[in-house]
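# with the input below, show me the fold.
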Amino acid sequence: MSSDFDYIIIGAGSAGCVLANRLSEDPATRVLVLEYGGSDKSIFIQMPTALSIPMNGTKYNWKYMTQPEPGLDGRQVHCPRGKVLGGSSSINGLVYMRGHAQDFDEWESLGARGWGYANCLPYFQRAESWKGGSDAYRGAQGPLATNAGNEMKNPLYRAFVDAGHEAGYITTDDPNGHMQEGFGPMHMTVKDGVRWSTANAYLKPAMSRPNLTVITHAMTRRILLDGKRATGVEYDHQGQTHTARAAREVLISAGPIAAPHLLQRSGIGPAAVLQAAGVPVLHDLPGVGENLQDHSEVYIQYACKQPITLNGKMGLFSRFLIGVEWVLFKRGLSVSNHFESGGFIRSDATLASPDIQFHFLPAAMRYDGKKPLDGHGFMVLTGPNKPKSRGHVRLRSADPYEQPDILFNYLNREEDREGFRRCLRLTREIVAQPAFDPFRGEEIAPGADVQKDDEIDAWVRETMESTYHPCGSCRMGEDEMAVVDSQLKVHGLEGLRVIDSSVFPSEPNANLNAPTIMLAERGADMVRGRPMLPPSNAPVGIAPGVGQTQRSGKPVRQVHS
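As a prediction, the model looks like this:
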């Protein structure tokens, strides 16, 4: 096998698979993809409803753990990242949510020039094949299949949307379209009953191309530099260390934990951090590994008075039947991630766009598949989606197999602590609406006795979990703490870009898989030197009463504890 390529892509995840496909479209371009994980040929990856299995094992998951988090009474938090073809898109919750238009305009205001919503929307469209067809916001010809699952057949999904409206919020038919704010359906990356990861959507259709080489179980040790130019990589494979050369560029798509870790052990990063780990400083870049942020959430759970929840489908025999139906017909409960309705709201009238997201699940359980009660229940997963707390990723040594020091500093800022208080109180008001009267039983978690600020804070510290949306550790921008510029090129170096969610300046108000794919689509055009798609002039939906009222719908039945 040749060791000379035009482009070397490190990581076959949500972004790397997109780059592999788009760059290898040019038959004259030689592309190498290095992925430490292996095959995604597992029923537990491909069956949407089985998402908790790969997410919580070690075969397909790096299973990073944070350092003891000061804001969580020293608790360590699981930070799963995909270790398989497709990366985190092969183990995530399959939710397809883009974010609000103002999230991307915020990126531009933070120094990511040209990354405003009007510039990003055409790339969301190019990536997508929306089951509902194309319009000014949705695409229908792209590789990434998206749909609405089982179309909210369980009545609890509709009850959640109706309760949101009764509580005074608007509804939206398409939170990925004209209007994100409001209560409505949630969308997922599923095609014909199968998880539509970027491995399925982008990588596999390209792997027959003779100019694309994909090596699995390959650990990239470091980026090779000739002065201030990246010339290739050193990687381990089958017990030996190899060198591959890149005539044009090295593209890091290893994700918000592994990307800064790789840069640092290559001698690129904050001088003091590298020196403490015994790594020679080749390029002092203080922002590498800083600005780390994440969405986090709590589970607000209720007993259900009717036996219609997924808790009744969690026995071994029921799971067996669901699995058989998937194997034979690719239909039924198995083809959904079960997050089929949700909502985006503003926690304060003065905000211009939503900062709270709700995922509704017609079951009372956890991401690891465990259920907290023998009967039936439902729950709302929620948290503040524009966190202010920031953390870091820092290497401990040059050993690529030693996990880095990860700290998110969850709840480090009072704004985030207040955000969770609002999330709990607003959720209680929503679930107290008449739409839930036929279903609502007692509050299981946190329980009706948790009311005061200090009681809520203590419960959040004890139970809060990551929503698995880390980003920002190789921030895009132009200031001294930025790692890449608006072309995704590493500041001060040639031939090296970072193209994954680590470059996000701030968290979008949504799940991160969709914006990561969009970023890679746009980044691929930059790498190839192609003209950017023309910006969109599609109008952005703004809820009535923004700046004057938080609740813009007509019915209002507020419930105060």
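
# ok, the nearest residue to Asn176 once chain neighbours are set aside - contacts?
Leaving aside its chain neighbours, Asn176 sits nearest to Arg98 (5.0 Å; criterion: C-beta to C-beta, 6 or more residues apart in numbering). Backbone N, C-alpha and C define where each C-beta goes, glycine included. Listed by C-beta atoms under 8 Å, 6 or more residues apart in numbering, the contact set of Arg98 reads Phe124, Asn176, Gln180, Pro508, Ala510, Ala514, Pro515, Met518.

# looking at the residues you listed, which is nearest Ser197?
Ranked by distance to Ser197 (C-beta to C-beta), the contacts of Arg98 are led by Ala514 at 12.8 Å.

# in three-state terms, label that closest one for me.
Using DSSP: H, G, I helix; E, B strand; the rest coil, the structure places Ala514 in helix.

# hang on, the earlier thing: work out for me the element the residue nearest to Asn176 sits within.
Using DSSP states H and E, Arg98 falls within no helix or strand.

# show me what counts as buried in stretch 238-249.
His242, Ala244, Arg245, Ala246, Arg248, Glu249 (16 or more other C-beta atoms under 10 Å).

# any low-confidence regions in the stretch 401-550 of the chain?
Under the criterion pLDDT under 70, no range of the stretch 401-550 of the chain is flagged.

# ranges for the helices of it?
For the stretch 401-550 of the chain, the helices defined by DSSP state H, counting those that start in this stretch occupy 414-431, 453-463, 513-528.

# who are the packing partners of the second one?
If contacts are counted by 3 or more C-beta pairs under 8 Å, 6 or more residues apart in numbering; DSSP states H and E, helix 453-463 sits against strand 296-304, helix 414-431.

# packing partners of the last one?
In terms of contacts (3+ C-beta pairs under 8 Å, 6+ apart), helix 414-431 is packed against helix 155-166, strand 296-304, strand 356-361, strand 377-384, helix 453-463.

# circling back: can I get the helices and strands packed on helix 453-463 in TSV including mean neighbour count?
Output for those, formatted as TSV (neighbours: other C-beta atoms under 10 Å):
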stretch	mean neighbour count
strand 296-304	23
helix 414-431	20
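
# now tabulate the ones you listed in TSV and tack on distance to Arg396.
What follows is the helices and strands packed on helix 453-463, written out as TSV (distance: least, C-beta to C-beta, whole Å):
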stretch	distance to Arg396
strand 296-304	24
helix 414-431	27
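
# looking at those, which is closest to Arg497?
Of those, nearest to Arg497 by C-beta to C-beta is strand 296-304, at 29.2 Å.

# paired strands for the closest one, with orientation please.
Within its sheet, strand 296-304 is paired with strand 377-384 (antiparallel), strand 440-445 (antiparallel), strand 465-466 (antiparallel), according to DSSP bridges.

# returning to what we had before: in JSON lines, list the helices of the stretch 401-550 of the chain along with distance to Glu166.
Output for these, formatted as JSON lines (distance: least, C-beta to C-beta, whole Å):
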{"stretch": "helix 414-431", "distance to Glu166": "8"}
{"stretch": "helix 453-463", "distance to Glu166": "24"}
{"stretch": "helix 513-528", "distance to Glu166": "29"}
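
# out of those, which gets nearest to Pro470?
helix 513-528 (11.2 Å).

# any idea which of the helices and strands packed on helix 414-431 gets closest to Ala259?
strand 296-304 (21.0 Å).

# quick check: mean pLDDT of that closest one?
For strand 296-304, mean pLDDT rounds to 97.

# hang on, the earlier thing: take the helices and strands packed on helix 414-431 and write them to CSV, including distance to Pro27.
Converted to CSV, the helices and strands packed on helix 414-431 look like this (distance: least, C-beta to C-beta, whole Å):
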stretch, distance to Pro27
helix 155-166, 46
strand 296-304, 45
strand 356-361, 42
strand 377-384, 45
helix 453-463, 53
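
# out of the ones you listed, which gets nearest to Gly391?
It is, among these and with distance given as C-beta to C-beta, strand 296-304, at 11.5 Å.

# report the next helix or strand after that closest one in sequence order.
helix 316-329.

# so what does that next one touch, helix or strand wise?
Helix 316-329 packs on helix 43-46, going by 3+ C-beta pairs under 8 Å, 6+ apart.

# for the helix it packs on, packing partners?
Short answer (3+ C-beta pairs under 8 Å, 6+ apart): helix 43-46 packs on helix 52-56, strand 194-195, helix 316-329.

# now find how far off-centre that helix is within its chain.
19 Å (C-alpha atoms, centre = their mean, to the nearest Å).
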